[in-house]
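# I need the structure of the sequence given here:
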Amino acid sequence: MIAINIDVKKIDKAALFIGKKGTYLNMTLMENREGVDQYGNEGFIVQDIGMVRRQAGERGAILGNWKTVKPAQAQVQAKVQETQAQADDDLDDIPF
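Numbering: from 1, shown residues only. Next up is the predicted model:
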């Protein structure tokens with residue numbers, strides 16, 4: 001699962017487009033060059049502004065950040081496996 005946080009005030013409304021079922025915003029997830037930051041974010045979200053504007057030298061606004069998060073069930077399962085591994089290690093110390 002990927003958690004995304006964006007600042008909607010930074011959205012360039014000129015780059016929004018109308019589709020069959022609504023108004024859409026294209027975005028791209030980019031990885032941080034230096035890996036995970038101090039807040040656990042793995043990358044940032046950039047608004048796509050279209051090829052013409054991009055070729056003219058414009059850059060899309062950075063709207064926010066993203067990080068991979070484990071679902072609660074996956075976290076519980078990982079903890080259970082860790083506890084079982086520790087218990088198995090403890091049994092290895094029994095001298096008989």
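
# just so I have it, where are all the helices in the chain?
Counting by DSSP state H, one finds helices in the chain at the ranges 51-55, 72-92.

# average pLDDT across the longest one?
On average, the pLDDT along helix 72-92 is 64.

# correct me, but residue 46 touches residue 30?
Yes - assessed by Cβ atoms under 8 Å, residue 46 is found in contact with residue 30 at 5.8 Å. The C-beta positions use only the backbone N, C-alpha and C, and glycine is treated the same way.

# which one of these two has more residues nearby?
residue 46 (17 against 13; other Cβ atoms under 10 Å).

# Contacts only, for the more buried one.
Residue 46 sits next to 27, 28, 30, 59, 60, 61, 62, 63 when contact means Cβ atoms under 8 Å, 6 or more residues apart in numbering.

# pull the longest strand from this protein.
Longest strand in the chain, counting residues (DSSP state E): strand 62-68.

# elements contacting that one?
strand 2-6, strand 43-47 (3 or more Cβ pairs under 8 Å, 6 or more residues apart in numbering; DSSP states H and E).

# most packed of the ones you listed?
Most buried of the helices and strands packed on strand 62-68, by mean neighbour count (mean count of other Cβ atoms under 10 Å): strand 43-47, with a mean of 19.

# Any idea how far that one is from the middle of the chain?
On the basis of Cα atoms, centre = their mean, to the nearest Å, strand 43-47 sits 9 Å off its chain's mean C-alpha point.

# Stretch 36-46 too?
7 Å.

# what's the span of it, first residue to last?
Across its full length, stretch 36-46 reaches 17 Å between end residues, using Cα to Cα, to the nearest Å.

# coming back round to it: where among the helices and strands packed on strand 62-68 is the average confidence lowest?
Comparing mean pLDDT across these, the lowest value falls on strand 2-6: a mean of 89.

# Just the C-alpha atoms of that strand, please, in CSV.
Extracted in CSV, the C-alpha atoms of strand 2-6 (Å, rounded to 0.1, in the frame of the first residue of the first chain):
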residue,chain,number,x,y,z
ILE,A,2,1.3,3.5,-0.8
ALA,A,3,0.2,6.5,1.3
ILE,A,4,0.1,9.8,-0.5
ASN,A,5,-0.2,13.3,0.9
ILE,A,6,-0.6,16.3,-1.4
